[in-house]
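J.: Return a 3D structure for these sequence lines:
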Amino acid sequence: MKSFLFSSLLFLTAATGSAQLKQLTLEEAAAKRWSEMHVDRIAADADGTGITTSDIRRQIDPIIGQIRAGAKTDAEFDKALNFAAEETLHSIAERLLVISEFRASGRLPSSFVDADIEETIRRDFNGDRNRFVASLRAAGTTPLAHRKFIEDRIIFEYMVGQIRRASYDVNPGKILEFYEKNKSDFVRKEQVKLRQITITQGAAEKPDETADRAAALADALRHPEKIAATLVRFKVAGKPIVGTPTFADVATRISTDDFASKGGDAGWQNLENLNETVTTKLKTLKVGEVSDPLKFDVGAAPIYVIVSPEAIRPKGFADVNDPEVMAEIEHKVRQIGLKVAIKAWLDDLRSKHHIQDNLR
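T.: Residues are numbered from 1 along each chain as shown. Presented below is the predicted three-dimensional model:
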């Protein structure tokens, strides 16, 4: 019914292909991994920096439950784990290459790392450095190792940020090209830009009184000069309205739905997705007109909805110059550009640096 309210890491030993995967708890899965895992070793070398199997395990551990839940057999589990391990290894290696590239041509000022650590101590430990150091020890690391981690993170984010900024140049030509190539993605159904007010029965109000209040408010919305007096009549609180009262002014003060805070603005809606009563009424209204209260019997007391169309869009292709369409295309073009730029950048780094994969 339509609503009117819009509101490889693990290296497991060979498993029997036909056996059904036992549903393990996370603790049991962890124990199984430790018992079946190879001894920790170097899984790869990225420009002289070793990547160990334990480095990979640390990143896979948080998603082991998700991988297990998505597998139906032991064989599927093994395959998914090995794929996750390969992907994680490549990700770690690429990160190391990016950091190595930066260090080959520059040095991160120590003040950047100092500021980051100080902010963490201030924000998370109320300025207590001793508590911060104790937390590092509890996590099995040291201040020096943590400093190296922060330095690497800042370098990586800086390098990726450089590529991201370069790929953010989206000119009108790129927008139009994307639109023409993907025009079928911008077909719209008949739409209405809608404002609405929802009126529910007050605690001390009888049903017929609610109906009268809804009718009076709808009439006032059609004759803005009546709005101020109508709000006073029904003891509606709120700051005095400056200038000619609008639908939004009333919605903000009396509506009880999720759009009240936005002045009743429900945005663009496909007509076919709206309640049939609402759709039928909207088709009789011109832009800017206000409906009579539409009654809906839901629950113990009826609800009244007043609607007003602000604009109508016919079925067809969305206009490429529509701000919403342009924003959507800009986002997609930037995402594509970023993906292409990062791939080309990483390919170039791989050609200049050495990676030895020992995982297989």
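J.: Show me the shaky parts of the stretch 101-250 of the chain.
T.: Along the stretch 101-250 of the chain, the model assigns pLDDT under 70 to no residue.
J.: Let's see that with 80 instead.
T.: Applying pLDDT under 80 to the stretch 101-250 of the chain picks out residues 166-169.
J.: And the next helix or strand past the longest strand along the chain?
T.: The longest strand of the chain (DSSP state E) is strand 301-313. Downstream of strand 301-313, the next assigned helix or strand under DSSP states H and E is strand 316-317.
J.: so for the helix or strand that comes right after that following strand, what's the average pLDDT?
T.: Downstream of strand 316-317, the next assigned helix or strand under DSSP H and E is helix 323-352. For helix 323-352, the mean pLDDT works out to 86.
J.: now stretch 53-60
T.: According to the model, stretch 53-60 has a mean pLDDT of 80.
J.: okay, A93: pLDDT?
T.: The model's pLDDT for A93 equals 84.
J.: Let me fix that, I meant to ask about D357.
T.: With respect to pLDDT, D357 has a value of 64.
J.: before we move on, what about K262?
T.: K262 is assigned a predicted lDDT (pLDDT) of 96.
J.: buried set for the longest strand of the chain?
T.: For strand 301-313, the neighbour count (16 or more other CB atoms under 10 Å) marks P302, I303, Y304, V305, I306, V307, S308, P309, E310, R313 as buried. Backbone N, C-alpha and C define where each C-beta goes, glycine included.
J.: so where does R57 fall, helix or strand?
T.: Taking DSSP H and E as the criterion, R57 maps to helix 53-60.
J.: Only the C-alpha atoms, please, for that helix, written as CSV.
T.: Output of helix 53-60 as CSV, limited to C-alpha atoms (Å, rounded to 0.1, in the frame of the first residue of the first chain):
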residue,chain,number,x,y,z
THR,A,53,51.0,-12.7,7.3
SER,A,54,50.2,-11.2,10.7
ASP,A,55,49.9,-7.8,9.0
ILE,A,56,47.3,-9.2,6.7
ARG,A,57,45.5,-11.1,9.5
ARG,A,58,45.1,-7.9,11.5
GLN,A,59,43.1,-6.3,8.7
ILE,A,60,41.0,-9.4,7.9
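J.: Can you show me the helices along the stretch 51-200 of the chain?
T.: For the stretch 51-200 of the chain, helices defined by DSSP state H, counting those that start in this stretch occupy the ranges 53-60, 64-69, 74-105, 110-125, 129-138, 143-167, 172-181.
J.: Tabulate those (JSON lines), appending mean neighbour count and distance to G288.
T.: Rendered in JSON lines, the data for these read as follows (neighbours: other CB atoms under 10 Å; distance: least, CB to CB, whole Å):
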{"stretch": "helix 53-60", "mean neighbour count": "18", "distance to G288": "57"}
{"stretch": "helix 64-69", "mean neighbour count": "15", "distance to G288": "51"}
{"stretch": "helix 74-105", "mean neighbour count": "18", "distance to G288": "54"}
{"stretch": "helix 110-125", "mean neighbour count": "13", "distance to G288": "50"}
{"stretch": "helix 129-138", "mean neighbour count": "13", "distance to G288": "60"}
{"stretch": "helix 143-167", "mean neighbour count": "15", "distance to G288": "43"}
{"stretch": "helix 172-181", "mean neighbour count": "14", "distance to G288": "30"}
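J.: Kind regards, and thank you for your time.
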